[in-house]
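*Asks:* For reference, the sequence and a predicted model appear below.
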Amino acid sequence: MAYDTPNYLVWGELPVTDLDQAAAFYSAVIGAKMMIDENGPNPMAIFRPFSEEEGIAMHLYPGKPAPRGTGPTLHLAAEGTAEDIMKRVETAGGTVLSDPIPLPVGRFFYAEDLDGNSIGFYEAG
């Protein structure tokens, strides 16, 4: 029998070199209210705490990001059109890497955050 679950990803961790600066970047781009949690072995900036009802959590932590263009790509929802989100990425100091890419259920684009982490930003409406 194969293991089946509604979500195979439990949570995501994104390494950053400056936790406060990265939390400010993501707050500006996607509007996430970042919660700083210092209860674990490392401080974390949490996008949203995990809940069984609402799904996956993700956090930033002080670490060593992969070299530009070599790490995984995380895709995050953000408010507004892809063009609006692209402007916020650039204003906050990130780099837009692609034009908007259409999907049957919306659009997204590729970008890099302040540390060169690969991020796909999805227009959530």
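*Replies:* That came through, no problem.
*Asks:* Where is the longest helix in the chain?
*Replies:* In the chain, taking DSSP state H as the definition, the longest helix is helix 19-30.
*Asks:* I'd like the distance from that helix to the chain centre, please.
*Replies:* Distance, stretch centre to chain centre, for helix 19-30: 10 Å (CA atoms, centre = their mean, to the nearest Å).
*Asks:* Could you tell me how far stretch 73-86 lies from the centre of the chain?
*Replies:* 10 Å.
*Asks:* What's the mean pLDDT across it?
*Replies:* Mean per-residue pLDDT for stretch 73-86: 94.
*Asks:* Can you name the residues in contact with it?
*Replies:* Stretch 73-86 is touched from outside by 12, 14, 26, 29-31, 58, 88, 96, 100, 107-111, 117-125, with contacts defined as CB atoms under 8 Å, 6 or more residues apart in numbering. C-beta coordinates here come from the backbone N, C-alpha and C atoms, glycine included.
*Asks:* all helices in the chain, in order from the N-terminus.
*Replies:* 19-30, 82-91.
*Asks:* Would you mind finding the most buried of these?
*Replies:* helix 19-30 (a mean of 19; mean count of other CB atoms under 10 Å).
*Asks:* tilt between that helix and helix 82-91?
*Replies:* 160 degrees (axes from the mean of the first three to the mean of the last three CA atoms, to 10 degrees).
*Asks:* Pull the residues that contact helix 19-30.
*Replies:* 14, 16, 32-34, 36, 43-45, 47, 60-62, 76-79, 85, 88-89, 91-94, 113-115, 121.
*Asks:* Report the buried members of those.
*Replies:* 14, 16, 32, 34, 44-45, 47, 60-61, 76-78, 85, 88-89, 92, 94, 113-115, 121 (16 or more other CB atoms under 10 Å).
*Asks:* Which ones among those lie within strands?
*Replies:* Members of these lying in strands (criterion: DSSP state E): 14, 16, 44-45, 60-61, 76-78, 121.
*Asks:* need those in JSON lines with distance to Pro6, can you?
*Replies:* Converted to JSON lines, those look like this (distance: CB to CB, whole Å):
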{"residue": "Leu14", "distance to Pro6": "23"}
{"residue": "Val16", "distance to Pro6": "29"}
{"residue": "Met44", "distance to Pro6": "25"}
{"residue": "Ala45", "distance to Pro6": "26"}
{"residue": "Leu60", "distance to Pro6": "25"}
{"residue": "Tyr61", "distance to Pro6": "26"}
{"residue": "Leu76", "distance to Pro6": "19"}
{"residue": "Ala77", "distance to Pro6": "18"}
{"residue": "Ala78", "distance to Pro6": "23"}
{"residue": "Phe121", "distance to Pro6": "24"}
